[in-house]
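**Q** The sequence and its predicted three-dimensional model are supplied below.
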Amino acid sequence: MNESIEFFDGPPSFSDLVDRVMRKYGCRVDEISLRGRFDCGKTRAHYVLMKLAFDANWKHYKDVVHEANVACLEVIVKIVRMPGPNVVMREEVAVVNHNGTQESEMLHHVLGETERDFDLAIANDDFSNNIFEREANIDVDNVSMGSEDCELEEDGVDISMVHKAICESSMVNAEGKSIGESPVIKKGMKFNSLEELKFFLADYAVRLHRPFSVVHSDKNLRYNVMCKQGCHWRVWSRLISSTGQWRISNVVQPHTCRSSQPKREHVQCTAKYLGRRILGIIRKDSETSVPSLVESIFIFSGYRVKYSKAWQAKQHAVALLWGDWKESYGMVPRVLSAITYYNSGVKWCIDSCGMMLPDNGVLKHILQRVFWCFPQCSEVFQHCRPVILVDGTFLTGKYKGTLMMAVAVDPEQQLVPLAFALAESENNESWSWFMKLVRLHVVGPSRIVCMISDRYHRLLNCAKDHIDGFPPLVHRWCTRHFAANMSRRQKSNRVIGKLKLLCKVHTEREFCEKLEDLVKDLNDDAKEWLKGEMEDKDKWAQAFDEGGMHWGIMTTNYSESLNGVFKGIRSRPVAGIIDYSFEKCNAYFVNRWRKAREMLDQGYRIGQVADDYLSEAELRSVHHLAEPYGPERMVYSIRSYGTTNIGGESHGGRHYRVDLNEVSCTYNVPQLLHLPCSHFITACKARGLNYESPLYMSPLYSREHTIKIWESSFQPYLDPSQWPAYEGVGYVPNPSLMRNKVGRRQKKHFTGDMDVMAAPGYPLLEAAYDLQHRAHHLADLNENLTPLRARVHSPLRWDERYAQYLQRAGFLDLAVQVVGGLPPMDGPLLTAMVDRWCPETHTFHLPFGEMTTTMQDVAMILGLPLDGPPEPEGGDSSKKTSGVSSAWLREHFDVCPPGANDEVVQRYARVWLWHFVSTILLPDAAGNTVSWMVLPILGQVWENIDVYSWGSAALAWLYRQLCEACRCTARDSNVGGCTYMLQIWIWERMPMGRPSRLCVDPWHRDDARPTFYHVWKHVRPVRSNPDRRYKAYTNEFDVLTQHQVEWKPYDREQLSHIVFSPTCYRDRELWRCTTPPILYYVVEFYMPHRVMRQFGRMQPCPPLELSTSQQLHSIDRRKRYKENDWRLKHAQYLLLWQNKQGCDPEGGPYWRPNNEYIRWYCTSMRTKVKPSWTNVPIEDAPSESNADIANAYDTVTRYGTQPERAPLHDYMGQQLARLSNETGVIMEHTVGEGDGLLCQFAE
């Protein structure tokens, strides 16, 4: 008995079944008889045959099967052929009905609304159990390759790899399809790889709902499987050594077991298998949600998988299509090289910013930015209006980044993509880099171009960049974003509508009229804002657009439309984004050229933009009157249409001057839009001229230019197997851009206007920083926090026998100063500075700008070396967080025994240095433990200890401790790091909390020299209530001015008599090096470019954005990592440190007042921490000097210190406000009116 499975397009009727049998076996209807088989058994299978002769039998059979134990339709066909009078031939064939779609759909069609699934149970003969052993002895190479060989066809059955995907994964199915509608296994089938064979078998098993288990699996020999449910179904396959293909050498089928679908699980329904099945879905929409994929998988497989498996399947599909996230960065130059090979003229550029990273033992460049533009796009910009619109959208994949785009507009009001770029973020450097390449490769040096964008401050800066030989870039603002700014100050649709109309008017007279009408509806805040914007009205008001640079394009809607087109591919790997940009541009050119050609053939010579405007202008021109002037009649006075009321008063009918020679009109439309207005059309008609002539209307509005824009063609760049060999450098992603946040990723920007984008509330990369920051609790939540405690320790007892060893180690200068005395710690002062610490920029945010402790401060105060390796070659493989107790060390190693030999003295000296480094330079905020961390260095030869960069290690550790302390709000919180250095740095530069120096001891040692630590060793301690001092310091920092800061404290003449240690100046070329300092697991970015005034240099605005990511901040010794060596974990940063480049700390332009920087800073940063504390009147403060009096400001007990300026500042402000109100009452003005000069001065 032969068996086969048949598919039907719909629910088959009895006549359909009979027709199929007749066509399949070539017999007549009188030669066949049909019987239906079903299981009527209860505990055991018992099959019964039912004769099928009419439609009623067929319907009754389906009803019976529906109620049976095994819901499976099986039809047995008996064929009786009569070739001659004496010969009778019989054949029996079992036909299983199937409609060619999903099984659940078939059952729905056949049996109606039912929840029960039918099994596909097919009987077969038994075979010997040792058949696998016999098959294992078969030599595949000796198997006949004749008629038994059956290669799969290319019409949907062959699943061999189509080399279209742009990745190097081991297996890619280009179409994401499985083996076909009817899974059939035949002996002799061949596959190009073992992966193809595995997928074929898995797809067969899932479609038939029959799982299998692997009996033998050897990638160099065989792959055999058997039915997991116990029936005799088997498949043997062997490797053909000569070709590398895999061949099915034997098959035992069909299945006799029951379906696994009722169990709702299948062992072959893995994420890897599903990833191949959903390739088409992911290629079409890479941002398909995981719940949608769960439903799609259920439809084509019948199994409802878990969310996690569907997510993994999506990631596998993405990797198959475009490579995995890391591999995709390496594919970028290959893809761009292939596109360039088949489309000559493609311009692309990769910028690694000088960063490299070892990857699998090979040093590769970091792909920080990549730019590309297709010649079909860049070369047609000359046929577009000279306006470029730019915008960016953030990526949502595994790595953070921004997709930047530049577009133009064609005469049909369609966007023309010009150039693309992928960058690390939207910052000043990336936008300047992108726009420079756009100007070089798209705009060219012979055309003045206008860039329209929002007022994002980084775009404002890149518009000012100068390129030799190129005209300046004209910048205009998007009026939609501009109007959104008004909405922040006054939420009124009526006001917003009037402001948009104000931006679009053509004449200054209309502008003044509309402005006067608008101001009547504005509140004080909106009036003040609009008043400040009038200085730049040429950038947003069309009436003042000199040269008509807008060309009628007032918004960035076009670039945002392209942004929306690319929104769906933001979750793709970078190579997939480049591939999509190529495909989308090609689709634009193919479709739009055809449409433009059709319209031009129909006689439409003018583009839609001009046609719409001219049609309306012609209608208005009918009502105009023209009066010529001059002998040549080229100047006309045009009177527009007016009306007369019942009283005889005329309205409208204004006069306009049109000059046909100069192509101008006092209505300004020809000058602004480069199109004839209705007045100009009237003059042309009166003079008998064609107003559509290129003399009067820009040819860039003609449909011929539309044809020239879209007539270029792209050439496919085929599959990787046909790409040219790439021999360039390798690229890897920037690890600091990898997202490590758990949960669903953000896919939408929060609603914001142009000012919000130009000046974000706080420059935090992650909201998690701000929500936990002490400043947020103080300023936003209005909480009263207590000051932090500085974690300080005193060194072990000093012994002069240690001096010779510490001198060889390079620590003697600092050690003898610390032994001589430690300055008193002022916890409230340190806390007031910690409240202003920004973890991303590693700077303190003060009212006038940023300041921070730099390499210069480390060298001058501590005298530690800056150059050298940050850690030993062997690294620190210890993951322990503990060490030895400081009390235990003090108990056993505090005093070196007198008369001890040299070995014992050295041991005690090492313990003293260990304790000194761990408790003075690198203390943490946790407890009284001396960490094991630095022992690998301190255990070396004394001379080798000095070669390491102890200064950068101390700075990195201080940065890390400040990043942790700024998020500590508990009452018993501590601050770690070298707080002695931080406090001296504050005293050196700022008046707040600065104690009076009692004296500076003369220096008597010859084997060591002092540092600036020595200057502050003896000071008058500050003694008062810590909470009051904390509030006082906070108030003082809130009103601190740049004139109160000592910007160059190390050049004071009064200290010229002190000869400081040469180590203070030894590595001065590294003071402004932006390489991140490293201490084992701690990596913190160093950003001296944000505090250039501390070096007496000009501060750039805005400074280059660098940040220490949360990923780096989350790495500590409590974590468990695969690496046993931190040098491997931070290899990229160690490479940056090794390749650091020094510079002259006094190089660059000198500092001068920079109002642009102040405006940017004050609108971008949080400059005040707790302004509400300053509202206590100073006259209410008692005059007693008792330190325990709980007054708001204590200015008496701190004798010899800088008095607080904040109370006086607030008191004067209150008094000035009161006087201005009283003066306003006398002058009959409203109390507190915002327009008063005195009130403004008081504010």
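**A** Arrived safely, thanks for sending.
**Q** In contact with the closest residue in space to Thr1063 that isn't next to it in sequence, which residues?
**A** Excluding its sequence neighbours, the residue lying closest to Thr1063 (Cβ to Cβ, 6 or more residues apart in numbering) is Gly863, at 4.5 Å. To be clear about C-beta, it is placed using only N, CA and C from the backbone, and glycine gets the same treatment. If you count contacts by Cβ atoms under 8 Å, 6 or more residues apart in numbering, Gly863 has them with 813-814, 1009, 1011, 1013, 1060-1061, 1063-1064.
**Q** mind redoing it with 6 Å?
**A** Residues near Gly863 by Cβ atoms under 6 Å, 6 or more residues apart in numbering: 813-814, 1011, 1061, 1063-1064.
**Q** His365 too?
**A** With contact taken as Cβ under 6 Å, 6+ apart, His365 is in contact with 352, 356, 729, 731.
**Q** May I see the domains of this structure written out as residue ranges?
**A** Using automatic domain parsing, the domain ranges for the chain come out as 2-111, 133-322, 498-553, 608-701, 809-1164, 1205-1242.
**Q** Including distance to Leu367 and mean pLDDT, could these go into TSV?
**A** Supplementary listing: the domains of the chain in TSV, determined by distance: least, Cβ to Cβ, whole Å; pLDDT from 0 to 100:
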stretch	distance to Leu367	mean pLDDT
domain 2-111	43	67
domain 133-322	15	76
domain 498-553	34	90
domain 608-701	37	87
domain 809-1164	13	84
domain 1205-1242	49	55
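**Q** what about those, which gets the closest to Met331?
**A** Relative to Met331, the nearest member of these by Cβ to Cβ is domain 133-322, separated by 5.8 Å.
**Q** show me the contacts for Cys838.
**A** With contacts taken as Cβ under 6 Å, 6+ apart, Cys838 has the following neighbours: His845.
**Q** Quick check: next helix or strand after the lengthiest helix in the chain?
**A** For the chain, the longest helix by residue count, based on DSSP state H, is helix 574-601. Later in the chain than helix 574-601, the nearest helix or strand by DSSP states H and E is helix 608-621.
**Q** Generate JSON lines for the domains of the chain, with distance to Arg774 as supplementary columns.
**A** Rendered in JSON lines, the data for the domains of the chain read as follows (distance: least, Cβ to Cβ, whole Å):
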{"stretch": "domain 2-111", "distance to Arg774": "59"}
{"stretch": "domain 133-322", "distance to Arg774": "37"}
{"stretch": "domain 498-553", "distance to Arg774": "30"}
{"stretch": "domain 608-701", "distance to Arg774": "53"}
{"stretch": "domain 809-1164", "distance to Arg774": "5"}
{"stretch": "domain 1205-1242", "distance to Arg774": "19"}
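**Q** Pull the most distant pair out of the contacts of Gly863.
**A** When these are compared pair by pair using Cβ to Cβ, the two farthest from each other are Leu814 and Cys1064, 10.8 Å apart.
**Q** Could I get the pLDDT score of the residue nearest to Met738 when sequence neighbours are not counted?
**A** Closest residue in space to Met738, ignoring its immediate chain neighbours: Tyr399 at 5.4 Å, by Cβ to Cβ, 6+ apart. Here, the pLDDT recorded for Tyr399 equals 90.
**Q** So Tyr399 sits against Asn734, correct?
**A** No. Using Cβ atoms under 6 Å, Tyr399 is not in contact with Asn734; the gap is 7.5 Å.
**Q** Need phi/psi at Phe38.
**A** Its backbone dihedrals place Phe38 at phi -150, psi 160, with angles given as degrees, to the nearest 10.
**Q** what residue lies at the spatial centre of the protein?
**A** Central residue of the chain (Cα atoms, centre = their mean): Lys400, 2.6 Å from the mean position.
**Q** Can you give me the neighbour number for Gln772?
**A** Gln772 has 14 neighbours, counted by other Cβ atoms under 10 Å.
**Q** How much space separates the nearest residue to it once chain neighbours are set aside from Met1165?
**A** Computed as Cβ to Cβ, 6+ apart, the closest residue to Gln772 that is not its neighbour in sequence is Arg967, at 4.2 Å. From Arg967 over to Met1165 the distance is 18 Å, taken as Cβ to Cβ, to the nearest Å.
**Q** picking up where we left off before, show only the entries of the contacts of His365 found in strands.
**A** Judged by DSSP state E, those include 356, 731 as members of strands.
**Q** Looking at the contacts of His365, which has the smallest pLDDT value?
**A** Within the contacts of His365, pLDDT is lowest for Met356, at 82.
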